[in-house]
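J.: here's a sequence, model it:
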Amino acid sequence: MAKETSDGNKTESYLQNSYRAVFRAMYDQTDSNIFEYSCFDYLKFHLFGDQGIFAVALQLGCPRILKYAVEEALKGENEQKWAREAAKDPVNWLRLGLQLYSISITKEAILHLAGRIAQLHALPPNAFPEPVLRTVFSICDYLQSYRAEVEADVQNYVRKTLLPPRVNSGFVVKYNKNDLADIGFDLIAFSVFEEWWRLTKVRMARLARVAWHAAIGDEKVVVDGAILRMMMNDEPDGGFQFYHRLKSNPEENLLPRDQVERLTRRYHVTPKAVGIIYHKLENLKAGVLDLFGAILKNSSILNKVEAAMDKSDPLEGKDSVVSPYLHFTCIDLADERVRVILEQCEGFSWDESILENEEGVHS
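T.: So this is what the prediction gives:
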């Protein structure tokens, strides 16, 4: 890096090094040593800084010659670091991936952008080429449809497990006293679960909204108009936090203890009866958790568990409702599809003024 003492000389030295690296890449695009150091902060400077190597390549109209060097530099110990940055700021990393013509960077950034799109401060309509926006919004549509399917599956599973089967009219079913008592407990457990499910969803959505508004103040989301907010069910995290908490700590979060305790106080339920209700609710857990598996799958390269529990991060661990790492990334985006997107973006005119004025995603 620069060794000169004056700011002017430092700037000149930064530019000289950047130009030198770009010219070096012009002669050999397979040179993996374009970046002198592997330090991630050094790489970030040269990828996003005004005096960096990528900025010079953009100015000279040849950013793609850095593709190999950038992808090589982001491997190994830097892989999780850049994946975290892409999760926090998918807008700028997506622009980088598109301009480099990099499948890996573009793919990762699209996954995080689709998962966090309702948390964006602003996304100008001309920020990305139409094929990119079309892909992102189609993923958002799919995520919400998928989530609706999961919730319907949960409701159907609970009903089949706890509610007695319907019988045709005229068909006589004889129940003894024990059968009727068991059906009664099933109905109580069903009512408790239904109330808990509804209230927990509302509470988690409220927490996500409070955290989101605290992050951006009174600013309004201007991504694809009001349709996006309706599409995301007024939940900035798309509902991820609800499923994540249930899956990460089912013993604590998947048993509606508050509802059961309120029931016992109101109707003076005996400890034995409470035990029966808990037993029936406990039996639901495994089946309900299995239904969460697919929607919580992580298709990104980001190790969410390690990232969200990183105490060096200003966030407060994996249960933080504002964590940029906690969003849906369950879509399998094929490399071939990303390659087609890159081809369709050929000739797009990048407006650099958008980047200069854009705040991106609040983390």
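
J.: use CA for all of it now, contacts and neighbours both
T.: OK.

J.: give me the neighbour count for Phe35.
T.: 21 (other CA atoms under 10 Å).

J.: correction: the previous question concerned Asn92.
T.: By other CA under 10 Å, the burial measure for Asn92, its neighbour count, is 19.

J.: adjust the sequence numbering to begin at 50 for everything that follows.
T.: Yep, numbering from 50; the last one is Asn141 now.

J.: break the chain down into its domains, please.
T.: 56-178+381-406, 191-348 (automatic domain parsing).

J.: for the first one, what is the distance to the chain centroid?
T.: What that stands for is domain 56-178+381-406. In terms of CA atoms, centre = their mean, to the nearest Å, the centre of domain 56-178+381-406 is set 21 Å apart from its chain centre.

J.: now do it, average pLDDT.
T.: Mean per-residue pLDDT for domain 56-178+381-406: 85.

J.: how about the longest one?
T.: On average, the pLDDT along domain 191-348 is 75.

J.: endpoint to endpoint, that domain covers what distance?
T.: 15 Å (CA to CA, to the nearest Å).

J.: sorry, back to before: dump the domains of the chain to JSON lines, plus distance to Glu355.
T.: Conversion of the domains of the chain to JSON lines gives the following (distance: least, CA to CA, whole Å):
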{"stretch": "domain 56-178+381-406", "distance to Glu355": "9"}
{"stretch": "domain 191-348", "distance to Glu355": "13"}
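
J.: can you tell which of the ones you listed is closest to Leu375?
T.: Comparison of the domains of the chain against Leu375 by CA to CA identifies domain 191-348 as nearest, at 6.9 Å.

J.: so which of the domains of the chain is the most surrounded?
T.: Highest mean neighbour count of the domains of the chain: domain 56-178+381-406, a mean of 18 (counted as mean count of other CA atoms under 10 Å).

J.: how close does Ala74 get to Leu64?
T.: Relative to Leu64, and taking CA to CA, Ala74 is found at 15 Å.

J.: Asp384 too?
T.: For Asp384, the distance to Leu64 equals 35 Å [CA to CA].

J.: equivalent analysis for Tyr316, please.
T.: Counting by CA to CA, the separation of Tyr316 from Leu64 is 76 Å.

J.: cool, and Glu395?
T.: 28 Å.

J.: what do you get for Arg315?
T.: Plainly put, Arg315 is 74 Å away from Leu64 if you go by CA to CA.

J.: check Glu244 too.
T.: Glu244 sits 62 Å away from Leu64, taking CA to CA as the criterion.

J.: re earlier: out of the domains of the chain, which is closest to Tyr374?
T.: Judged by CA to CA, the one of the domains of the chain that comes nearest to Tyr374 is domain 56-178+381-406, at 6.0 Å.

J.: any idea which residue is closest to the centre of the protein?
T.: His376 (2.3 Å; CA atoms, centre = their mean).

J.: for that one, give me its contacts.
T.: Residues near His376 by CA atoms under 8 Å, 6 or more residues apart in numbering: 161, 164-165, 286-287, 289-290.

J.: and it, its phi and psi?
T.: When read as degrees, to the nearest 10, the backbone of His376 gives phi -160, psi 160.

J.: how close does it get to Lys346?
T.: 11 Å.

J.: now swap in Asn82 and tell me
T.: As defined by CA to CA, Asn82 lies at a distance of 35 Å from Lys346.

J.: do Leu229 as well
T.: 41 Å.

J.: tell me how far the residue lying closest to Ile114 once chain neighbours are set aside lies from Lys116.
T.: Of all residues not flanking Ile114 in the chain, Gln78 sits nearest, at 5.5 Å (CA to CA, 6 or more residues apart in numbering). Distance from Gln78 to Lys116, counting by CA to CA: 8 Å.

J.: where is the longest helix in the protein?
T.: Using DSSP state H, we find that the single longest helix of the chain is helix 226-265.

J.: please name every helix or strand in contact with that helix.
T.: Judged by 3 or more CA pairs under 8 Å, 6 or more residues apart in numbering; DSSP states H and E, helix 226-265 is in contact with helix 179-211, helix 289-297, helix 306-316, helix 320-341.
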